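Student: Here is my input; please provide its structure:
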Amino acid sequence: MNSYQLSVCAEMVFLDLPFVERVKRIHALGFGVEIWGWAGKDIDALAATGARFTSMTGYLSGNLTDDDDIRQLLQSAEASLAIAERLRCPALNLHGTGLDDKGLPVKPVEVVTGAMWLKAVETLRQLARMGERAGRIFTLENLNLPVDHPGTPFALAADTLALVSAVNSPALKMNLDLYHAQIGEGNLIELIRKSQKHIGEIQVADVPGRKEPGTGEINYKAVARALREIDYHGTVALEGWASDDSAAALEAFREVFTQ
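Tutor: Residues are numbered from 1 along each chain as shown. Below is the predicted model of the structure:
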């Protein structure tokens, strides 16, 4: 019996449906639901679906290292916490820097300095304190540089692990995205074992193509066994495109992770 729960990102499947209808469809199929940015979405309509929201983006703008951008980040994180309360969503996702609508950093970084590391830790400490007060968890997601997010600082899972470990708060965890980690680092099962006490969520999609498990090179059945072996109790979320039919993609995801 699996100890983790399955969820699906509504931004990437059932793309022929209006967004609220995507959420309803995912919920009807028995999955939790994840969303990206909340600005422009009908929060009342989303809440009325009865869906179990497991994660949402936890900021609108800003970054971890520049003073003006830190203020933006903290302000929009506070607003995001209020939305999370309305959706009863326990986790709010962060990235190493603010991303534009194409997933590219608003302020690309070529070299991450020691001063930037120290500033990022302090910013994340402030976010963790906000999460503790609100009864929510912020998660810091690793990204890949070669394919999807060039120029993003603190992108590797090794980076997010170092930052989360340094803050050492129950309100700040890793969002370990295995699609990104496969491209950026590999050695996924050992990465899971090494990071296990700091993981707040696992996100999955296959490589190449960022589609459902079984379409690429990652042995997700072995990953599922590794998660059971460490007695992982969090969320495993499909954050990937459907190779063809979205309902079939979700069932393929369920089959791999339900054993």
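Student: name the element the spatially closest residue to Asp42 that is not a sequence neighbour belongs to?
Tutor: With sequence-adjacent residues excluded and distances taken as C-beta to C-beta, 6 or more residues apart in numbering, Asp42 is closest to Val20, at 6.4 Å. Bear in mind the C-beta positions are built from the backbone N, C-alpha and C, glycine included. Element membership for Val20 (DSSP states H and E) is helix 19-28.
Student: how far does the host helix or strand of Val236 sit from the chain's center?
Tutor: Here Val236 sits within strand 235-238, counting by DSSP H and E. Distance of strand 235-238 from the chain centroid (C-alpha atoms, centre = their mean, to the nearest Å) equals 9 Å.
Student: What is it packed up against?
Tutor: Judged by 3 or more C-beta pairs under 8 Å, 6 or more residues apart in numbering; DSSP states H and E, the packing partners of strand 235-238 are strand 5-9, strand 32-34, strand 53-57, strand 199-204, helix 246-257.
Student: Need the residues that contact the helix holding Val20.
Tutor: Residues outside helix 19-28 that contact it (C-beta atoms under 8 Å, 6 or more residues apart in numbering): 8, 10, 13-15, 17, 33, 35, 41-42, 45-46, 49-52, 246-247, 250.
Student: Which of the residues in that helix are classified as buried?
Tutor: 19-20, 22-27 (16 or more other C-beta atoms under 10 Å).
Student: cool, and stretch 131-145?
Tutor: For stretch 131-145, using 16+ other C-beta under 10 Å, the buried residues are 131, 134, 136-144.
Student: And for stretch 219-237?
Tutor: For stretch 219-237, by 16+ other C-beta under 10 Å, it's 220, 223-224, 226-227, 232, 234-237.
Student: Report the contact partners of Trp36.
Tutor: Contacts of Trp36 by C-beta under 8 Å, 6+ apart are 9, 11, 56-57.
Student: Check the residues you listed for burial and list the buried ones.
Tutor: 9, 56-57.
Student: need the residues you listed in a markdown table with distance to Val121, can you?
Tutor: Output for the buried ones among the contacts of Trp36, formatted as a markdown table (distance: C-beta to C-beta, whole Å):
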| residue | distance to Val121 |
| --- | --- |
| Cys9 | 28 |
| Met56 | 24 |
| Thr57 | 21 |
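Student: hmm, back to that, with respect to Glu212, which of the buried residues of helix 19-28 is nearest?
Tutor: Nearest to Glu212 among the buried residues of helix 19-28, counting by C-beta to C-beta, is Ile26 at 13.4 Å.
Student: average pLDDT across stretch 107-127?
Tutor: For stretch 107-127, mean pLDDT rounds to 97.
Student: who touches it?
Tutor: For stretch 107-127, using C-beta under 8 Å, 6+ apart, the contacting residues are 58, 63-66, 69-70, 73-74, 77, 94, 96-98, 138, 140, 150-154, 163-164, 166-167, 169, 171-172.
Student: same thing but at 6 Å, please
Tutor: With contacts defined as C-beta atoms under 6 Å, 6 or more residues apart in numbering, stretch 107-127 is touched by 64-65, 70, 77, 138, 151, 153, 163, 166-167, 172.
Student: same deal with stretch 232-250?
Tutor: Counting by C-beta under 6 Å, 6+ apart, 3-9, 12-14, 29, 34, 54, 200-205, 210-212, 215, 253, 257 sit against stretch 232-250.
Student: Next, count neighbours for Glu190.
Tutor: 11 (other C-beta atoms under 10 Å).
Student: so Gln182 sits right up against Val207, yeah?
Tutor: Yes: contact status for Gln182 versus Val207: in contact at 4.7 Å, counting by C-beta atoms under 6 Å.
Student: anything in contact with each of the two?
Tutor: Here Gln182 and Val207 have Ile218 as joint contacts, going by C-beta under 6 Å, 6+ apart.
Student: Pull out the buried residues from the host helix or strand of Leu163.
Tutor: Assigned by DSSP H and E, Leu163 belongs to helix 157-167. By 16+ other C-beta under 10 Å, the buried positions in helix 157-167 come out as 157-161, 163-164, 166-167.
Student: Can you tell me which of these lies closest to Gln196?
Tutor: Among those, and counting by C-beta to C-beta, the member closest to Gln196 is Leu161, at 10.5 Å.
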